[in-house]
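In: Provide a 3D model corresponding to the input given below.
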Amino acid sequence: MTGTEPAVPRIDTSRPHPARVYDWFLGGKDNYPVDEELGRQITAMQGDAPRHARANRRFMERATRAVVRETGIRQFLDVGSGIPTEPNLHQIAQSVVPDARVLYVDNDPIVLAHAEALLHGTAEGATEYVQADAREPERILERAASVLDLGRPVALSMIALLHFIADDDGAHDLVDTLVGALAPDSCLVLSAMTADFDPENVNRGIAAYTASGVTLVARSHGEMGRFFKGLELFEPGIVSLSDWRPGEDGNGEEVGPVSLYGAVGRKR
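Out: Below you'll find the predicted structure:
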């Protein structure tokens, strides 16, 4: 991997960042006391929050394999990639097709700080990182064009990202702009938080994030479906992550619903 950003901006450790809180849930070390504090608050209210984070990672693994095997796609644009956590998306894709090309996008300086050291891909493929805000889809597409062939199908991966972007802050415009720029047979892979299964605990978690200055939005099944308008959904459609092709990764830990929906849609 060759990083495209020469300097690492200052990391703000005075307030929690979603990527670092997520890293704490996964047992990582790339987080700070302020992130751990919020993570512990969330876990105190919703004891299985770490399980939900692990379920989200395994959904990414299963969905990535499904996209490669069922569509032959060899290009991935991962927006809101988060702190590298093995196995990363490029490792999953390149284990199936070694020549897969992957571009990671995130806006957290700590992700940039670790990206060059951790995101090593195959010699046949390409693994790159761009620091950019998800709310800048045009800039993302401009940078993506230097790594990916946007005239050919691309899998757009937005894992656990959209619940940090409210509708009135451009969540739908973001998805529409990115998907609209992709070639036919491209895929959209999404996971996002919902309160449909456990509204009391999810809403308490939202309040904790909000008090820490972090936007968090829970969407219903119908609201999640709006992101897939015009797309052909892979089976089993939009479901709790624990119900999206369980067992395909050989791990049966996710028993019962988790408070995130996941789905894969194909652009025709």
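In: pull out the buried positions in stretch 177-195.
Out: Taking 16 or more other C-beta atoms under 10 Å as the basis for neighbour counts, the residues of stretch 177-195 that come out buried are 178-179, 181-182, 186-195. In short, each C-beta sits where N, CA and C put it, glycine included.
In: likewise stretch 72-83?
Out: Going by neighbour count (16+ other C-beta under 10 Å), the buried part of stretch 72-83 is 73-83.
In: let's have these in a markdown table, adding distance to Asn56 and secondary structure.
Out: Listed next are the buried residues of stretch 72-83 as a markdown table, based on distance: C-beta to C-beta, whole Å; DSSP: H, G, I helix; E, B strand; the rest coil:
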| residue | distance to Asn56 | secondary structure |
| --- | --- | --- |
| Ile73 | 21 | coil |
| Arg74 | 24 | coil |
| Gln75 | 22 | strand |
| Phe76 | 17 | strand |
| Leu77 | 18 | strand |
| Asp78 | 13 | strand |
| Val79 | 15 | strand |
| Gly80 | 12 | coil |
| Ser81 | 13 | coil |
| Gly82 | 10 | coil |
| Ile83 | 13 | coil |
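In: now the stretch 51-200 of the chain, which segments are flagged as low pLDDT?
Out: Per-residue confidence of the stretch 51-200 of the chain (counting by pLDDT under 70) places the weak regions at 116-118.
In: where do the strands sit along it?
Out: With DSSP state E, counting those that start in this stretch as the definition, the stretch 51-200 of the chain shows strands at residue ranges 75-79, 101-106, 126-131, 155-159, 187-193.
In: and of those, who's closest to His17?
Out: When the strands of the stretch 51-200 of the chain are compared by C-beta to C-beta, strand 101-106 sits nearest His17, at 10.2 Å.
In: distance between the longest helix seen in the chain and the chain's centre?
Out: Across the chain, the helix with the greatest residue count (assigned by DSSP state H) is helix 49-71. Its chain's C-alpha centre and that of helix 49-71 lie 10 Å apart, by C-alpha atoms, centre = their mean, to the nearest Å.
In: next: stretch 157-171.
Out: Once both centres are worked out by C-alpha atoms, centre = their mean, stretch 157-171 turns out to sit 10 Å from its chain's centre.
In: wait, what's in contact with the residue sitting nearest the centre point of the chain?
Out: With distances taken as C-alpha atoms, centre = their mean, the residue of the chain nearest its centroid is Ile159 (1.9 Å). Going by C-beta atoms under 8 Å, 6 or more residues apart in numbering, Ile159 touches 56, 59-60, 78, 80, 82, 189-191.
In: before we move on, back to that, please save the CA atoms from the longest helix of the chain in PDB.
Out: Taking only C-alpha atoms (Å, rounded to 0.1, in the frame of the first residue of the first chain), the coordinates of helix 49-71 have been written out as PDB:
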ATOM      1  CA  ALA A  49     -22.600  -4.100  22.300                       C
ATOM      2  CA  PRO A  50     -19.200  -5.800  21.800                       C
ATOM      3  CA  ARG A  51     -21.100  -8.800  20.300                       C
ATOM      4  CA  HIS A  52     -22.900  -6.500  17.900                       C
ATOM      5  CA  ALA A  53     -19.500  -5.000  16.800                       C
ATOM      6  CA  ARG A  54     -18.100  -8.500  16.200                       C
ATOM      7  CA  ALA A  55     -21.300  -9.400  14.300                       C
ATOM      8  CA  ASN A  56     -20.800  -6.400  12.100                       C
ATOM      9  CA  ARG A  57     -17.200  -7.400  11.200                       C
ATOM     10  CA  ARG A  58     -18.400 -10.900  10.300                       C
ATOM     11  CA  PHE A  59     -21.200  -9.500   8.200                       C
ATOM     12  CA  MET A  60     -18.500  -7.500   6.300                       C
ATOM     13  CA  GLU A  61     -16.600 -10.800   5.700                       C
ATOM     14  CA  ARG A  62     -19.600 -12.800   4.500                       C
ATOM     15  CA  ALA A  63     -20.900 -10.000   2.300                       C
ATOM     16  CA  THR A  64     -17.500  -9.400   0.700                       C
ATOM     17  CA  ARG A  65     -17.100 -13.000  -0.100                       C
ATOM     18  CA  ALA A  66     -20.600 -13.200  -1.500                       C
ATOM     19  CA  VAL A  67     -20.000 -10.200  -3.800                       C
ATOM     20  CA  VAL A  68     -16.800 -11.700  -5.200                       C
ATOM     21  CA  ARG A  69     -18.200 -15.100  -5.700                       C
ATOM     22  CA  GLU A  70     -21.600 -14.200  -7.100                       C
ATOM     23  CA  THR A  71     -20.700 -11.200  -9.200                       C
END
